[in-house]
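Visitor: structure for the following, please:
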Amino acid sequence: MSCYLIPIGGTGVRVMKALVNLCMTGCFAGTQFKVMCIDSDDVNGDIKELETLIRNYKNVPSDMFPELKLVKIEGEERCIWSPLSGDKKKDKRSAMKDMIAESQMSKEAKKVLQYLYTKPEREKILEGGFYGHTSIGSYFMAQEVVKDGKYTDVWHDFFDGIKTDDKIFIIGSIFGGTGASGVPTIARLIKD
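Guide: Numbering: from 1, shown residues only. Model prediction:
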């Protein structure tokens, strides 16, 4: 059996660190974990600690430890995927309005955008995350997981080979920004 783990945001990453430590004690022997952490702040300290922990874990050859497989992003095994990194044109140091090209929208589309998002939300720089703005995070999650009714390449590769008895675990807090926007959005997209 394989377990697909999707830790989202800071809480998800901290839970994933604890899970890797449990794996090192011999828990979950015989299980294969496929992991894709989601965080828009993909350079924070917790992510770096998790990447180091997983790298060290993978360097210890042992059949008694469960296998940890990471997601492949642009041909490289990575621990983290950011919903802001899907489109090469996005600069995470930009505001939401620039990432979605508000200036190029029709008048009607701008009115809808202005109705859904306040001016401070549209002008918020998203480099360090969604800062409790779940509606912004949900927008980017939905845009970068599924396009035209199909998983994007990263998500297709992540779920490649999934079987009916495999388990999917989505881990995150519903009280923050990335977790609160990602947990329900990712769950709905997977279910659909």
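Visitor: CA only for contacts and neighbour counts going forward, please
Guide: Will do.
Visitor: just want the most central residue of this structure.
Guide: residue 38 (1.8 Å; CA atoms, centre = their mean).
Visitor: next, the contact list for that one, please.
Guide: Neighbour list for residue 38: 6, 7, 8, 9, 80, 81, 82, 83 [criterion: CA atoms under 8 Å, 6 or more residues apart in numbering].
Visitor: host element of the second one?
Guide: What it means is residue 7. Under the criterion of DSSP states H and E, residue 7 resides in strand 2-7.
Visitor: tell me which residues of the following helix or strand past that strand are tucked away?
Guide: Following strand 2-7 in sequence order, the next helix or strand is helix 9-24 (DSSP H and E). For helix 9-24, burial by neighbour count (16 or more other CA atoms under 10 Å) applies to 9, 10, 11, 12, 13, 14, 16, 17, 20, 23, 24.
Visitor: report the contact partners of the third one.
Guide: Spelled out, that is residue 11. Residue 11 sits in contact with 171, 172, 173, 179, where contact means CA under 8 Å, 6+ apart.
Visitor: can you do 10 Å?
Guide: Contacts for residue 11 (CA atoms under 10 Å, 6 or more residues apart in numbering) come out as 17, 46, 171, 172, 173, 174, 175, 176, 178, 179.
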